[in-house]
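A.B. asks: Give me coordinates for this.
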Amino acid sequence: MAAGDLPDELAGLLPRIQRLARRRLWSGLPTPRLRGAHAELLRLVAERPGIRVSTAAHGLCLASNSVSTLVNHLVAEGLLRREKDPGDGRAALLYPTPAGIGRLRDWHARREALFREHLAGLDGDDRAALAAALPALRRLAASLREGEEIA
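C.D. replies: Numbering: from 1, shown residues only. Predicted coordinates:
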C-alpha cells in the first residue's frame with residue numbers, strides 16, 4: 001500500500017469493522033438491541049456511576065444533546081437511572097440499573113467472543129501485527145481528540 005492510501009484506507013476500514021461486528025452481535029438478539037452508542041454510554045456509566053451527562057458527552061466525543069437522547073432511551077428501557085445532582089439541580093447524574101449491568105455484561109461477553117473467534121482465524125503474524133498496531137491507534141485517537149470541542 002502506498003503511504004498516501006493509509007488515511008483513506010484506515011478511515012474506511014475502522015467504521016466498516018465496527019458495523020460488521022455490530023451486525024453479528026445483533027443477530028439473534030431480542031429487540032430492543034443494545035446499539036453501539038447505547039452500549040458505550042452504559043459502559044461509561046457503569047465505570048463511573050454518578051457521572052454527569054456533560055462529562056459523559058465529553059468522554060464519548062458526542063454532543064450533550066445526543067447523550068441526553070441516549071440517556072432517555074436507556075432510562076425508558078430500565079437500563080439507566082437519572083437523578084438530579086444535589087449540588088446543581090440543572091444537572092443530572094447517571095447510574096446503571098441492575099438490568100443495565102446485566103445487558104452490558106452480555107454485550108461485552110458476546111463482543112469478546114466474536115472478536116476472539118475471528119482473531120483465532122487469523123495467522124499468528126496477523127494477530128501480532130494487530131497487537132502491535134494498538135498503541136499507534138490509541139495515539140491516533142488521542143491526536144484526533146486534541147483541541148476538540150464537541151458542540
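
A.B. asks: Please make it C-alpha for all contacts and neighbour counts, starting now.
C.D. replies: OK.

A.B. asks: Quick check: mean pLDDT of the strand of greatest length in the chain?
C.D. replies: If each strand of the chain is counted by residues according to DSSP state E, the longest one is strand 88-96. In this model, strand 88-96 carries a mean pLDDT of 90.

A.B. asks: If you count neighbours, what's buried in it?
C.D. replies: Buried residues in strand 88-96, counted by 16 or more other C-alpha atoms under 10 Å: Ala92, Leu93, Leu94, Tyr95, Pro96.

A.B. asks: excluding its backbone neighbours, what's nearest the most centrally placed residue in the chain?
C.D. replies: Centrality entry for the chain: nearest residue to the mean C-alpha point is Glu40, 3.1 Å, by C-alpha atoms, centre = their mean. Leaving aside its sequence neighbours, Glu40 sits nearest to Leu60 (C-alpha to C-alpha, 6 or more residues apart in numbering; 7.5 Å).

A.B. asks: Quick one: list the elements packing against the helix or strand containing Ala39.
C.D. replies: Following DSSP states H and E, one finds Ala39 within helix 36-47. Where contact means 3 or more C-alpha pairs under 8 Å, 6 or more residues apart in numbering; DSSP states H and E, helix 36-47 is packed against helix 53-60, helix 64-76, strand 88-96, helix 98-120.
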